[in-house]
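**Student:** here is a sequence together with a model predicted from it:
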Number of protein chains: 2
Amino acid sequence: MFSDEHYMREALKQARYALQEEEIPIGAVVVMDKQIIARAYNQTEKLRDVTAHAEMLALTAAANYVGNKYLADCTLYVTVEPCVMCAGASFWAQVKRVVYGAPEEKRGFRRHGNLLHPRTELVAGILAEEAAALMREFFAQRRK
Amino acid sequence: MFSDEHYMREALKQARYALQEEEIPIGAVVVMDKQIIARAYNQTEKLRDVTAHAEMLALTAAANYVGNKYLADCTLYVTVEPCVMCAGASFWAQVKRVVYGAPEEKRGFRRHGNLLHPRTELVAGILAEEAAALMREFFAQRRK
């Protein structure tokens, strides 16, 4: 029930909402004390805003919920490896864990070294195939 | 009139607003066709949101103004070297130029390599002393 896979399935639901709205299908949830306190999906097209990545929206929503900009007791689940911007945001929020699904070799943060906060634990590859399949579906649709 | 120093003075005005509100005093403006299209200052405390850096707010406001998430004809002026998150945001927006004042050796993006978009020109050190003086004033006040 309270496994990483469980929460990642919730993030994947968010990614599917993005796909329905013709956004790059990436979803995120933030979990504190086993409870989901924020859910978001990528909205860069709708909002015409490069900063509206799923992770950014989820971190902002979580901070609103907690009433604190630091999220040291929270885990960020995101379907795809975060970019540099989102890794940087998780650094500032000092999140406890970052858990992602599919790797993003071109735009993911990891090729720039470890940009996360020293206290942040990183877990990769949770339901990676489901997350990657959504990305492939999006780009296949767009090529048509 | 249309010099980098001119626009940086406007960013410094924003930084002073932040100082008045007991925020880390960093300000930013976005310029397109010689015109300032967005002004912002750091509001992470007021908004309790780590993503509310001056650059992020200015880039979002500029995209709203232009009606386009890409800011390829825009220059981002910011009083202090951007962090990893803000460098990442400027990458996605593909801004034409990033111009900053004072270096930020600990939290600035540059120690992680060049995180900017390959098309983005980087200019450093414009009115650096003024920007650094505001930062020193903030941290001196806070120690009291």
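**Tutor:** Nice, thanks for sending it over.
**Student:** quick one: stretch A:108-124 near chain B?
**Tutor:** Yes - legend: contact between stretch A:108-124 and chain B by Cβ under 8 Å from any Cβ of the partner chain is shown at A:His112, A:Gly113, A:Leu115. Placement of C-beta: from N, CA and C, glycine included.
**Student:** give me the phi and psi for the residue lying closest to the first one once chain neighbours are set aside.
**Tutor:** Taking Cβ to Cβ, 6 or more residues apart in numbering or on different chains, and ignoring the residues beside it in sequence, A:His112 has B:His112 as its nearest neighbour in space, at 5.6 Å. Main-chain dihedrals, B:His112, degrees, to the nearest 10: phi -100, psi 10.
**Student:** neighbours of B:His112, how many?
**Tutor:** The local packing of B:His112 (other Cβ atoms under 10 Å in any protein chain shown) involves 17 other residues.
**Student:** can I get the residues of stretch A:108-124 next to chain B in TSV with pLDDT?
**Tutor:** What follows is the residues of stretch A:108-124 next to chain B, written out as TSV (pLDDT from 0 to 100):
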residue	pLDDT
A:His112	96
A:Gly113	94
A:Leu115	97
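**Student:** and A:Gln14, what element?
**Tutor:** helix A:4-20 (DSSP states H and E).
**Student:** elements contacting that helix?
**Tutor:** Applying 3 or more Cβ pairs under 8 Å, 6 or more residues apart in numbering or on different chains; DSSP states H and E, one finds that helix A:4-20 makes contact with strand A:27-32, strand A:35-41, helix A:54-66, strand A:74-80, strand A:97-102, helix A:128-143.
**Student:** closest to B:Asp33 out of the ones you listed?
**Tutor:** Between B:Asp33 and the helices and strands packed on helix A:4-20, the shortest gap by Cβ to Cβ is with helix A:54-66, which sits at 28.5 Å.
**Student:** state the mean pLDDT of the closest one.
**Tutor:** Across helix A:54-66, the average pLDDT comes to 98.
**Student:** helices or strands next to that helix in the packing?
**Tutor:** helix A:4-20, strand A:27-32, strand A:35-41, strand A:74-80, helix A:84-93.
**Student:** could you dump the ones you listed to a markdown table with mean neighbour count?
**Tutor:** Converted to a markdown table, the helices and strands packed on helix A:54-66 look like this (neighbours: other Cβ atoms under 10 Å in any protein chain shown):
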| stretch | mean neighbour count |
| --- | --- |
| helix A:4-20 | 19 |
| strand A:27-32 | 27 |
| strand A:35-41 | 20 |
| strand A:74-80 | 28 |
| helix A:84-93 | 27 |
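**Student:** format the ones you listed as a markdown table; extra columns: distance to A:Arg136 and mean pLDDT.
**Tutor:** Shown next, in a markdown table, are the helices and strands packed on helix A:54-66 (distance: least, Cβ to Cβ, whole Å; pLDDT from 0 to 100):
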| stretch | distance to A:Arg136 | mean pLDDT |
| --- | --- | --- |
| helix A:4-20 | 11 | 98 |
| strand A:27-32 | 16 | 98 |
| strand A:35-41 | 17 | 98 |
| strand A:74-80 | 12 | 98 |
| helix A:84-93 | 21 | 98 |
